[in-house]
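S.K.: got a sequence here, can you model it:
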Amino acid sequence: MNAKEATALNRDDVEKVKERIDIVDIVGEYLPLRKTGKNFRGLCPFHSEKTPSFYVSPDRQTYHCFGCGKGGDVFSFVMEKEGLSFPEALRMLAERAGVVLEQRNEPDRDRGLAGIMEEALAFYIESLRGPKGEVARKYLQRRGLTAGDARRFELGWAPSQWDALGRRLRENGVNDRDAVDAGLLIEGQRGCYDRFRGRVIFPIRDIRGRLTAFGGRLVDGDGAKYINSPESELYSKRSGLYLLNQAKGAIRERGRTILVEGYMDALRLHMNDFTEAVASLGTSLTGDQAALLKRFSDRCFICYDPDTAGRDAAIRGMYVLQEAGLDIRVVVLPSGKDPDDLLSETGGRGTFDSLLDRAMPLVLYHIAARREQLSGDATKSAAVREIVDGMARLDPIDVSRYLPPAAAALGLLPTELSGVLSESRKKLRSGEKKKEEKTDHLRVIDSRGENTSGSDEPRPDPWESALCYLLWSSEKRRNSAATGNLLPLLTDERIQAVAAALVCGESPEDLRERWAEMGDSFPMTVIATGGAQCETGGDDPWSTVLGALRKRKITGRFLELKEKYAKGEASPAQMREYTELSRKLKAKGGNDVK
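M.R.: You can find the predicted model right below:
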């Protein structure tokens, strides 16, 4: 979903969905929950654990894991589990809640085109099962696909007639203009005709399961073996991955993606229980596809055809993916075989499993693929430069483990290779700097980007988070809070930013949407962490939280002055402050922050 569509969503819809959705019901569909007190508890779905530390609060409508620190509301949970943007999660939950989302600024044209696509798919499926689909059914049988497989993957058949689909769509009230925009018809000199004819049809759905495009495989006759839908309002090849909507759960569960090149390869893998497989629909991988894969797993096995084109594409693609933060392994197939061929053989599943176990890391595969060039006097220099330039694009820590074997293969000492890599990185950074200058230092923020909090950053402090939760849950507190008195109580700059945003006029719902569109899950983790902490706050959590924060601040300053006093470095004013703080610490922590 693009930013324009996201801004078109009516923010009042968020409240409607929240009123009808119970987070316990949603989370309970993903993992078993057991009631404990007024909350529910289960094993965290975001990290491996044997003792449940994941809690869901029906009162606060939030979740929080005391093990890994993840937390948020129902939107955060769905976004994390399904790899969705905020607008996508809102749509998913709205459908569940029976809420019809309103649109601002523009009609929801995508939904109309998607509906036309579904009508086309129904026609293709009907054609496959009918008398005209016999040639397609025989083809699928030869490829080892049953009628059940065809139903599972929604396979269809586009009849050979020039306007079979066009006539059906017109009968159903679809005009040719919309069918052309959906990529189903082509405008010719004598009128519109079907794009797909005489082809087995593979539906391509996006991450939400919305039908966006088709692929067609020619069964006999002349023409390209495969054709795909053109780019449209619905479909962008740069960000599409075949079967990702079916594979995303297995990818999360198994911690890896198997990336292949074509439809049949992906289908065959799924049929052999490698349900984490997706197809790139071509050999040119993009950063958009890399970012999409990284939502679900950090590891990706590339399994392209072992011919020259497939090998070179795998090399280019794995650098794109690795630069996006994925751990890349390349599966080396036997000569002349693709995944579909291999898995169709007796014992093919076991063979493929063993190939996955022996999959090669990026650098070592690149060297192996260029072994012949590295051994030739005329080609060695270019091959070395290509490999070094590729290695320079990667994280130095990731590359360091491969320095000795890489140096040996390139005919260099490890220290020499390190120096060459350093020079290559400098050139690369210089080129990137010039590119930034040409674009006037503009930075584009992807609304589906990575969590800006970062997984290695410290978890939010419970007491500081509790202050944010109390501000989040009370408009009165937000309106009456004095920023100058509250923010100094917070030591974490990230939490200060959350608190400042809450008391500066924006509503929690507006903030939630803005954070989600920025891909920043940290603020909602703060809110969830604070909500869990407030359960221990007694009858007056506001006073308890402020008292704890004030006492901690006073204690920190007291210890600082105590050290100066012990060293004889305290001024008379600091001595008086030290005495006053000592007195306050002996008294009960008060609440004079308004």
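S.K.: all contacts plus neighbour counts: C-alpha atoms, from now on.
M.R.: Noted.
S.K.: strands along the stretch 201-350 of the chain, start to end?
M.R.: 211-218, 226-228, 257-260, 277-279, 299-302, 327-330 (DSSP state E, counting those that start in this stretch).
S.K.: what's the most buried one of those strands?
M.R.: Neighbour counts (mean count of other CA atoms under 10 Å) averaged over each of those peak at strand 277-279, with a mean of 28.
S.K.: what number of residues lie near Pro32?
M.R.: Using other CA atoms under 10 Å, Pro32 has 11 neighbouring residues.
S.K.: sorry, back to before: out of the strands of the stretch 201-350 of the chain, which is closest to Gly67?
M.R.: Between Gly67 and these, the tightest spacing by CA to CA is seen for strand 299-302, at 23.0 Å.
S.K.: mean confidence for that closest one?
M.R.: The average pLDDT within strand 299-302 is 94.
S.K.: who touches that strand?
M.R.: 255-260, 314, 318, 326-331, 356, 359 (CA atoms under 8 Å, 6 or more residues apart in numbering).
S.K.: most widely separated two among those residues?
M.R.: Largest separation among those by CA to CA: Gly255 and Ala314, giving 20.5 Å.
S.K.: tell me the one among the contacts of strand 299-302 nearest to Tyr304.
M.R.: Nearest to Tyr304 among the contacts of strand 299-302: Val260, at 5.4 Å, using CA to CA.
S.K.: quick one: the closest one from Arg311, how far?
M.R.: Per CA to CA, to the nearest Å, Val260 is found 12 Å from Arg311.
S.K.: need the overlap of contacts for the two.
M.R.: Contacts common to Val260 and Arg311, judged by CA under 8 Å, 6+ apart, are Tyr304.
S.K.: quick check, pLDDT for the closest residue to Leu394 other than its chain neighbours.
M.R.: In space, and not counting its chain neighbours, Leu394 is closest to Glu323: 6.1 Å by CA to CA, 6 or more residues apart in numbering. Among the per-residue scores, Glu323 shows a pLDDT of 86.
S.K.: ok, now Val174?
M.R.: 93.
S.K.: ok, it - contacts?
M.R.: With CA under 8 Å, 6+ apart, Val174 has these contacts: Ile116.
S.K.: number of nearby residues for Thr529?
M.R.: Quick note: Thr529 (other CA under 10 Å) scores 30 neighbours.
S.K.: do Pro460 as well
M.R.: 20.
S.K.: so it sits right up against Thr529, yeah?
M.R.: Yes: between Pro460 and Thr529 a contact is recorded at 7.5 Å, counting by CA atoms under 8 Å.
S.K.: strands along the stretch 351-500 of the chain, start to end?
M.R.: Going by DSSP E, counting those that start in this stretch, the stretch 351-500 of the chain shows strands at 360-361.
S.K.: of all the strands of the stretch 201-350 of the chain, which one is nearest Gly83?
M.R.: Closest to Gly83 of those, according to CA to CA: strand 257-260, at 14.0 Å.
S.K.: packing partners for that closest one?
M.R.: Under the contact criterion of 3 or more CA pairs under 8 Å, 6 or more residues apart in numbering; DSSP states H and E, strand 257-260 touches strand 277-279, strand 299-302.
S.K.: strand partners of it, parallel vs antiparallel please.
M.R.: Take DSSP bridges as the rule and strand 257-260 pairs in its sheet with strand 277-279 (parallel), strand 299-302 (parallel).
S.K.: for the last one, the distance to its chain's centre please.
M.R.: Spelled out, it's strand 299-302. 15 Å (CA atoms, centre = their mean, to the nearest Å).
S.K.: how about the CA coordinates for that strand, as PDB?
M.R.: Coordinates of each C-alpha in strand 299-302 appear next as PDB, following Å, rounded to 0.1, in the frame of the first residue of the first chain:
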ATOM      1  CA  ARG A 299      18.000 -15.800   6.300                       C
ATOM      2  CA  CYS A 300      17.400 -16.500   2.600                       C
ATOM      3  CA  PHE A 301      18.400 -19.500   0.500                       C
ATOM      4  CA  ILE A 302      18.700 -18.600  -3.200                       C
END
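S.K.: ends of stretch 329-336, how far apart?
M.R.: Across stretch 329-336, first to last residue, CA to CA, it's 20 Å.
S.K.: for the residue positioned nearest the centre of the chain, phi and psi?
M.R.: Among the residues of the chain, the one closest to the centroid is Arg295, at 2.2 Å (CA atoms, centre = their mean). Main-chain dihedrals, Arg295, degrees, to the nearest 10: phi -60, psi -30.
S.K.: the spatially closest residue to it that is not a sequence neighbour: neighbour count?
M.R.: Spatial nearest neighbour of Arg295, excluding adjacent residues (CA to CA, 6+ apart): Gly83 at 5.3 Å. Using other CA under 10 Å, Gly83 has 22 neighbouring residues.
S.K.: quick check: Gly83 vs Leu292, distance?
M.R.: 8 Å.
S.K.: equivalent analysis for Val384, please.
M.R.: 31 Å.
S.K.: in a markdown table: the strands paired with strand 257-260, plus distance to Gln189.
M.R.: As requested, the strands paired with strand 257-260 are exported to a markdown table (distance: least, CA to CA, whole Å):
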| stretch | distance to Gln189 |
| --- | --- |
| strand 277-279 | 35 |
| strand 299-302 | 43 |
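S.K.: Ala120: which of those is closest?
M.R.: Per CA to CA, nearest to Ala120 of these: strand 277-279, 22.3 Å.
S.K.: that closest one: how far from the chain's middle?
M.R.: On CA atoms, centre = their mean, the centre of strand 277-279 falls 15 Å from the chain's centre.
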